[in-house]
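Student: got a predicted structure here, sequence first:
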Amino acid sequence: MKIDKVTLAFWNKVVLRNINIDIKSWEFVFFIGHSWSWKTSLIRSIIWDFKPRNWDIVLDNNLALYKNLNERVLEEYRRNIWVIFQDYKLLESKKVYENVAFAMEVCWYKDEVIAKKVPEVLEQVWLLIKKDKFVQELSGWEKQRISIARALVRDPDILIWDEPTWNLDPETAAGIMDIFESLNKQGKTILIATHDKNIVNKHKKRVITFKDKEIFSDVEKWTYNIDA
């Protein structure tokens with residue numbers, strides 16, 4: 001996936017200018033920057049939740065996504081990408097199993113496929129034992145894992161998470177990152193926007209730093225390189 005010449009603006013205020021990022025399959029990338037460096041807005045644009053002033057995404061088959069946009073192309077693209085936002089967007093009135101199943105139901109998966117897949121992903125994130133619990137009965141760490149399960153149940157090629165460790169203690173944050181390391185080894189492309197220098201410094205992946213509305217640096221096997 002290539003993010004090609006992105007410019008984002010709110011009304012007449014440009015917040016990101018001429019952003020170019022080429023992300024290969026299987027890559028693990030951190031997006032870092034100060035608060036109000038507009039990383040979340042860029043993520044929203046990747047899934048067409050926030051329309052940029054100008055840009056395109058060039059897919060692995062060299063198709064320019066938005067220049068060729070139609071309902072079929074957009075649906076297929078969104079099936080292959082999943083974003084987990086800070087608030088998780090869980091359904092509080094539903095149980096763990098129902099939250100995960102809902103991600104498949106809205107895409108019209110058959111009942112027998114849902115019944116097979118949901119327990120598999122809950123087992124993968126160590127939550128099968130909690131499948132009949134309501135969301136409000138769970139810890140923050142468990143809610144994080146529901147969010148991951150909802151992503152995995154659709155089997156996307158690209159997983160994006162906005163601040164996965166912002167409210168977690170170091171040990172729990174390490175557990176989240178272990179899951180993402182495992183998914184990356186299985187072939188998933190991982191993009192993480194974060195202010196957590198500990199996870200960035202520990203994992204030493206590709207680090208893209210945003211500063212002054214532009215990409216300040218883009219370095220392989222790098223560390224957290226901005227002031228606190």
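Tutor: Received, thanks.

Student: which residues outside the longest helix seen in the chain are in contact with it?
Tutor: Across the chain, the helix with the greatest residue count (assigned by DSSP state H) is helix 170-185. Here helix 170-185 makes contact (C-beta atoms under 8 Å, 6 or more residues apart in numbering) with 26, 28, 125, 140-141, 144-145, 148, 152, 159, 161, 164-165, 168, 190, 192, 196, 198-199, 202-203. Quick note: C-beta positions are derived from backbone N, CA and C, even for glycine.

Student: what angle do the helix or strand following that helix and helix 170-185 make?
Tutor: Using DSSP states H and E, the helix or strand that follows helix 170-185 in sequence is strand 189-193. Taking axes from the mean of the first three to the mean of the last three C-alpha atoms, to 10 degrees, one finds that strand 189-193 is oriented at 150 degrees with respect to helix 170-185.

Student: got a list of contacts for strand 189-193?
Tutor: 1, 23-32, 39-40, 43, 157-164, 180, 183-184, 199.

Student: who does the helix or strand that it is followed by touch, helix- and strand-wise?
Tutor: Where DSSP H and E defines the elements, the next helix or strand beyond strand 189-193 is helix 197-203. Packing partners of helix 197-203 (3 or more C-beta pairs under 8 Å, 6 or more residues apart in numbering; DSSP states H and E): strand 28-33, helix 170-185.

Student: those: which one's closest to Tyr88?
Tutor: helix 170-185 (12.5 Å; C-beta to C-beta).

Student: let's test this: mean pLDDT of the closest one, rounded?
Tutor: Average pLDDT, helix 170-185: 88.

Student: next one: stretch 202-220
Tutor: Stretch 202-220 comes out at a mean pLDDT of 93.

Student: quote the end-to-end distance of that stretch.
Tutor: 14 Å (C-alpha to C-alpha, to the nearest Å).

Student: show me the helices in the protein, by range?
Tutor: 39-46, 71-79, 96-105, 111-124, 140-152, 170-185, 197-203.

Student: in the longest one, what's buried?
Tutor: Spelled out, it's helix 170-185. Of the residues in helix 170-185, those buried by neighbour count under the rule 16 or more other C-beta atoms under 10 Å are Ala173, Gly175, Ile176, Met177, Ile179, Phe180, Leu183, Asn184.

Student: so can I have CSV of these showing distance to Lys116?
Tutor: Formatted as CSV, the buried residues of helix 170-185 follow (distance: C-beta to C-beta, whole Å):
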residue, distance to Lys116
Ala173, 31
Gly175, 26
Ile176, 26
Met177, 28
Ile179, 21
Phe180, 24
Leu183, 20
Asn184, 25
